[in-house]
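>>> what's the 3D shape of this:
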Amino acid sequence: MAAPTQVNSEEEEAKQEPRLRDTPEDISFEAAANTIAFHPSRDILAAGDVDGDVYVYSYSCLEGGNQELWSSGHHLKSCREVSFSHDGHKLFTVSKDKAIHVLSVEAGRLVTRFSKAHSSALNSLLVIDEHLFATGDDSGGMKVWDLRKGSAIMEMKEHEEYISDMAIDENKKFLLTTSGDGTMGVFNIKRRRFELLSEPQNGDLTAVSLMKRGKKVACGSSEGTIYLFNWNGFGATSDRFALKAESIDCMVPITENVLCTGSIDGVIRAVNILPNRVIGSVGQHLGEPIEQLAKSHTGQFLASCGHDQKVKFWDISLLESLVVDDYRKRKKKDGRLKALSHKAFGGGADFFVDLREETTADWELEKNSDATNQW
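The predicted model follows:
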């Protein structure tokens with residue numbers, strides 16, 4: 001009679017073992033998260049919310065595997081941006097309260113504080129290297145800071161509206177900024193001088209990414225258009241194309257050719273750059289605007305945070321090997337945006353029946369466009 005007992009015991013043990021998922025479970029917060037960032041080498045994610053709180057979680061694909069490591073309530077107002085140092089030992093945060101905090105990743109201890117870093121509320125942050133980082137504020141001011149000196153080494157105000165995003169080239173020489181005034185700014189941080197502003201575009205410029213091994217710069221806009229600039233041709237756009245989205249509020253490069261965008265409609269779109277294609281949907285926050293996207297250190301996961309007070313994880317491993325050629329396939333009869341993962345649109349169920357795949361006209365390049373296959 002011992003055998004059945006042993007079998008039952010094994011069955012019970014199997015039931016108790018955590019289930020392995022394709023992606024980590026959602027992380028829920030008491031307030032909406034504005035910003036998220038992945039650790040550069042460990043399975044750790046940081047988030048900052050509208051109440052000014054900062055949370056650091058370890059994440060896992062095991063069911064129930066996500067764990068809060070620590071939280072910090074040092075900011076008095078909304079935390080606008082978080083970013084890990086390149087070595088992963090420090091976490092930088094900026095806030096509407098005009099303060100910059102540098103926290104230790106291991107314990108969440110406050111290491112450095114710049115209490116009145118700008119005269120306006122801080123909105124953007126970019127870690128440049130082990131010593132330098134840049135910040136942008138709501139009035140268009142930009143500063144570059146040196147941790148060794150404990151102060152700003154460069155301060156400029158060339159934009160007329162808030163600085164929404166920043167990026168830097170591989171040589172750490174040129175800092176690019178996007179702004180609510182519709183322009184992209186170019187700053188030479190090695191010579192500590194302002195270079196130029198681009199021609200103003202329609203709507204706010206909301207995000208910036210370097211693509212095509214740094215030969216192209218992509219800027220997202222509040223009008224749902226992606227503007228492309230040639231490197232060293234920052235004054236005027238070389239290409240532009242419109243997504244069938246109300247806006248592009250954030251974006252993150254996945255490969256040299258593919259980036260993901262987040263929109264006010266809650267949909268995360270995967271977009272190929274030159275040839276310009278909306279490949280499909282990675283996922284969505286149902287009917288809730290998306291604030292920020294981040295790519296994990298392994299490249300397997302994309303995380304998103306939205307107004308639904310959740311951080312969601314999406315499997316983007318398919319995008320790493322995706323190749324899009326110039327040939328344009330005929331549209332499907334229903335014209336629906338292609339789901340790129342089983343979680344996108346509920347695993348095939350189309351929650352947005354009126355969401356349609358972008359038409360050829362939406363992708364039409366301007367007459368001054370350079371050849372789409374030259375890169």
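
>>> assign a three-state SS to the most centrally placed residue in the chain, would you?
Nearest to the geometric centre of the chain sits Leu293, at 3.2 Å (Cα atoms, centre = their mean). Using DSSP: H, G, I helix; E, B strand; the rest coil, the structure places Leu293 in strand.

>>> so the closest residue to it other than its chain neighbours versus Phe234, what's the distance?
With Cβ to Cβ, 6 or more residues apart in numbering as the criterion, Leu293 has its nearest non-adjacent residue at 4.5 Å, and that residue is Val252. Using the backbone N, CA and C atoms, a C-beta is placed for each residue, glycine as well. To Phe234, Val252 is 21 Å away according to Cβ to Cβ, to the nearest Å.

>>> and if you look at Ile27?
From Ile27 to Phe234 the distance is 38 Å (Cβ to Cβ).

>>> same check on Glu155?
Counting by Cβ to Cβ, the gap from Glu155 to Phe234 is 21 Å.

>>> so where do the strands sit in the stretch 1-150 of the chain?
Applying DSSP state E, counting those that start in this stretch to the stretch 1-150 of the chain gives strands spanning 27-28, 33-38, 44-49, 54-58, 67-72, 79-84, 90-95, 100-104, 110-114, 122-127, 132-137, 141-146.

>>> which residue ranges form the helices in this protein?
Using DSSP state H, the helices of the chain run over 2-16, 317-320.

>>> rank those by mean pLDDT and give me the bottom one.
If you rank the helices of the chain by mean pLDDT, helix 2-16 sits at the bottom with a mean of 56.

>>> coming back round to it: mind checking pLDDT for the residue nearest to Leu293?
Here the pLDDT value assigned to Val252 is 98.

>>> what of Val258?
Note on Val258: pLDDT of 97.

>>> how many residues are close by it?
Val258 has 20 neighbouring residues, counting by other Cβ atoms under 10 Å.

>>> ok, it touching Val271?
Yes. Taking Cβ atoms under 8 Å as the definition, Val258 is a contact partner of Val271 at 6.9 Å.

>>> now do the shared contacts for those two.
By Cβ atoms under 8 Å, 6 or more residues apart in numbering, Val258 and Val271 have these common neighbours: Ile279.

>>> rewinding a little: more neighbours: which of Glu155 and Phe234?
Using other Cβ under 10 Å, the more surrounded residue of Glu155 and Phe234 is Phe234, with 20 against 13.

>>> how about the more buried one: what's its closest non-neighbour residue?
Val186 is the one closest to Phe234 (Cβ to Cβ, 6+ apart), at 5.1 Å.

>>> and Ser317, by the same measure?
Gln300 (5.1 Å).

>>> residue contacts, that neighbour?
Contacts of Gln300 (Cβ under 8 Å, 6+ apart): Asp315, Ile316, Ser317.

>>> for Thr23, see how far away the second one is.
Relative to Thr23, Ile316 is positioned 10 Å away (criterion: Cβ to Cβ).

>>> got the domain ranges for this protein?
Listed by automatic domain parsing, the domain ranges of the chain are 34-157, 175-180+201-229+237-317+336-370.

>>> and Arg192, which of those is closest to it?
domain 34-157 (4.7 Å; Cβ to Cβ).

>>> output the below-cut-off pLDDT ranges for the stretch 251-375 of the chain.
Residues of the stretch 251-375 of the chain meeting the criterion pLDDT under 70: 326-335, 345-375.

>>> cool, and the stretch 1-150 of the chain?
In the stretch 1-150 of the chain (pLDDT under 70), the answer is 1-16.

>>> mind redoing it with 80?
The stretch 1-150 of the chain contains residues with pLDDT under 80 at 1-17.

>>> was I right to think Val267 contacts Arg336?
No. Using Cβ under 8 Å, Val267 is not in contact with Arg336, being 11.9 Å away.

>>> so which of these two has more stuff around it?
Val267 (26 against 18).

>>> beta-bridge partners for that one, please?
For Val267, the beta-bridge partners are Gln284 (DSSP bridges).

>>> could you do Phe301 as well?
Going by DSSP bridges, Phe301 forms beta bridges with Asp315.

>>> now swap in the one 4 residues further on and tell me
Beta-bridge pairing of Cys305 under DSSP bridges involves Gln292, Val311.

>>> in the stretch 201-350 of the chain, which spans are strands?
Under DSSP E, counting those that start in this stretch, the stretch 201-350 of the chain gives strands at 205-211, 216-221, 225-230, 239-242, 250-253, 258-262, 267-272, 277-284, 290-295, 301-306, 310-315.
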